[in-house]
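Colleague: my questions are about this predicted structure, shown below with the sequence.
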Amino acid sequence: MRLTILGGGGFRVPLVYGALLGDRAEGRVAHVTLYDEDPGRLTTVARVLADQARGVADAPAVTATNDLDEALRGADFVFSAIRVGGLDGRAADERVALAEGVLGQETVGAGGIAYGLRTVPVARDLAARVARLAPDAWVINFTNPAGLVTEAMAETLGDRAIGICDSPVGLGRRIARLLGVRPEDAWIDYVGLNHLGWVRGLRVAGRDELPRLLADTEALESFEEGRLFGADWLRSLGAVPNEYLHYYYFNRETVRAYREAGQTRGAFLREQQRAFYAEADRPGGAPGAALEAWERTRAEREATYMAENREAAGAGTRDASDLESGGYEQVALALMRAIARDERATLILNVRNRGTLAALDAEAVVEVPCLVDANGAHPVAVDPLPYHAVGLVTSVKAVEREVLAAAASGSRDAAVKAFALHPLVDSVAVARRLLERYGREHPGLAYLR
């Protein structure tokens, strides 16, 4: 199989390649094409992958290109992990929002809307190119905001566009381990949108084990989500939320922590990655030096993930178990194997609703358990959401639809509406100022009139 990675110079690409190196089954990915607009980053990541492949027999071949059409031709799978505007754009998204007193985060609230407005037009163009140059390819989307971008690509590619995220996987794994259950033996009742979902049950042999966890305060407060949300709140919900719901349930505290931080997450990652690419790009480095630099940088990146939220909640530092790999890259590998080899799997994915959630229309992309086979990902029927969850899910989906409409029409009014309707933006006047300030920061929003 041939895999093309869009955003092939991205920092997390070695995670995907590492997963491919561990796949020795017949029909595995034999060739990886890296595409990126930044030749320097592309060269550096290719160097890291070469270090990973050293000594590995029959490692997938790697080629790098900045010709998008060349990268897509002949691809069986296309992995989309682009960042429109780069980390400078992310840092600006966060800074502008915080200056208006609202959440600055790359996928949630004002920052996520700004990111979506400049990413959706690019994602739609990518989908059209895939349809023209690799019509039989499947697109695995990790580009954020993942649910929104997947829905934009599905307009052209239909069910061949599937979104993935590591958050539900990590959450389900942590809960299963606390309950003494092997994650692969458990059915995780997870439902919602990307970065807006809840684990409502964890079933083993037909028995829901989640109530046992909810009744145990010590166990609840021993893992990341339990410390973030608190045992009492989790029991009130009767579910364990995705960590990103901390932005909704504890918004004031999180905004305060973000405003008091020395720098935003995007600014931190920008400086961190600049240092990494500069170090790994030095000529004449020792064998393995690029990989060592990448591993050291990744460890720091993971340890500081959602640091402001943990500070606001008094949750302390991340446990070693929360730093383990096996996230989105393993989901991507399992998805490709299930489709290419008809090895049936159950995965939590971002797919078109098709009646799974009654509150949303058929084309709305949702994040739910899916049965995957050679014909793609098929969402599994789930129980209805409680009203409090319906309210959040439908509000955020309405915002996503306004972003899609604004990107299609170039309407500033639709863009303002997207900001104003978001539950974490509390004023139409603030929404208008946000769009004005984002327009000054991002040339990619000049299409809005």
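Modeller: That came through fine.
Colleague: now the helix ranked longest in the chain: how far from the chain's centre is it?
Modeller: Secondary structure of the chain per DSSP state H: the longest helix is helix 109-133. From the chain centre to the centre of helix 109-133 is a distance of 14 Å (CA atoms, centre = their mean, to the nearest Å).
Colleague: so what strands line up beside the helix or strand following it?
Modeller: The helix or strand immediately downstream of helix 109-133 is strand 138-141, counting by DSSP states H and E. Here strand 138-141 has these sheet partners by DSSP bridges: strand 77-80 (parallel), strand 161-163 (parallel).
Colleague: the bottom helix or strand of the protein by mean pLDDT?
Modeller: Lowest by mean pLDDT, DSSP states H and E among the helices and strands of the chain is helix 307-313, with a mean of 70.
Colleague: picking that back up, out of the strands paired with strand 138-141, flag the one nearest residue 37.
Modeller: Among those, strand 77-80 comes nearest to residue 37, with 13.7 Å by CB to CB. Where C-beta positions appear, they are placed from N, C-alpha and C, glycine not excepted.
Colleague: now do the longest helix of the chain: which elements does it pack against?
Modeller: helix 68-72, strand 77-80, helix 86-99, strand 138-141, helix 146-157, helix 387-409, helix 412-421, helix 428-441 (3 or more CB pairs under 8 Å, 6 or more residues apart in numbering; DSSP states H and E).
Colleague: let me know which of the strands paired with strand 138-141 is tucked in deepest.
Modeller: When the strands paired with strand 138-141 are scored by mean count of other CB atoms under 10 Å, the highest mean neighbour count falls to strand 161-163 (a mean of 28).
Colleague: helix, strand, or coil at residue 370?
Modeller: strand (DSSP: H, G, I helix; E, B strand; the rest coil).
Colleague: part of a helix, is residue 366?
Modeller: No - under three-state DSSP, residue 366 sits outside any helix and is assigned strand.
Colleague: can I see the domain layout of the protein?
Modeller: Listed by automatic domain parsing, the domain ranges of the chain are 2-163, 168-249, 252-313.
Colleague: any idea which of the ones you listed gets closest to residue 380?
Modeller: Across the domains of the chain, closest to residue 380 is domain 168-249 (CB to CB), at 9.2 Å.
Colleague: if we can go back for a sec, out of the domains of the chain, deepest packed?
Modeller: Greatest burial across the domains of the chain, using mean count of other CB under 10 Å, falls to domain 2-163, with a mean of 21.
Colleague: distance from stretch 294-310 to the middle of the chain?
Modeller: Computed by CA atoms, centre = their mean, the chain-centroid distance of stretch 294-310 equals 16 Å.
Colleague: out of the domains of the chain, which gets nearest to residue 446?
Modeller: The nearest among those, by CB to CB, is domain 2-163 at 9.8 Å.
Colleague: show the contacting residues for the spatially most central residue of the chain.
Modeller: Nearest to the geometric centre of the chain sits residue 165, at 4.4 Å (CA atoms, centre = their mean). By CB atoms under 8 Å, 6 or more residues apart in numbering, residue 165 lies in contact with 142, 146, 194, 195, 328, 331, 348, 350, 367.
Colleague: and if you look at residue 306?
Modeller: Residue 306 neighbours (CB under 8 Å, 6+ apart): 243, 246.
Colleague: burial count for residue 398?
Modeller: If you count neighbours by other CB atoms under 10 Å, residue 398 ends up with 13.
Colleague: show me what contacts it?
Modeller: Counted by CB under 8 Å, 6+ apart, residue 398 has contacts residue 421.
Colleague: residue 160: what's its closest spatial neighbour, skipping adjacent residues?
Modeller: residue 138 (5.1 Å; CB to CB, 6 or more residues apart in numbering).
Colleague: show the pLDDT at residue 400.
Modeller: Here, the pLDDT recorded for residue 400 equals 98.
Colleague: who's in contact with the closest residue to it other than its chain neighbours?
Modeller: Closest residue to residue 400 apart from its sequence neighbours, by CB to CB, 6+ apart: residue 148 at 4.7 Å. Contact analysis of residue 148 by CB under 8 Å, 6+ apart lists 112, 116, 120, 194, 365, 400, 403, 404.
Colleague: adding distance to residue 358, write these out as JSON lines.
Modeller: As requested, those are exported to JSON lines (distance: CB to CB, whole Å):
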{"residue": "112", "distance to residue 358": "25"}
{"residue": "116", "distance to residue 358": "25"}
{"residue": "120", "distance to residue 358": "26"}
{"residue": "194", "distance to residue 358": "19"}
{"residue": "365", "distance to residue 358": "16"}
{"residue": "400", "distance to residue 358": "18"}
{"residue": "403", "distance to residue 358": "23"}
{"residue": "404", "distance to residue 358": "21"}
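Colleague: pretty sure residue 134 is touching residue 71, no?
Modeller: No - the criterion here is CB atoms under 8 Å, and residue 134 misses it with residue 71 at 9.5 Å.
Colleague: overlap in contacts, the two.
Modeller: residue 4.
Colleague: for residue 347, helix, strand, or coil?
Modeller: strand.
Colleague: then residue 255?
Modeller: Applying three-state DSSP: residue 255 is helix.
Colleague: let the chain start at 612 from now.
Modeller: All set: I'll call the first residue 612, so the last point we hit is now residue 866.
Colleague: okay, the residue lying closest to it once chain neighbours are set aside: pLDDT?
Modeller: Of all residues not flanking residue 866 in the chain, residue 714 sits nearest, at 5.6 Å (CB to CB, 6+ apart). pLDDT recorded at residue 714 is 94.
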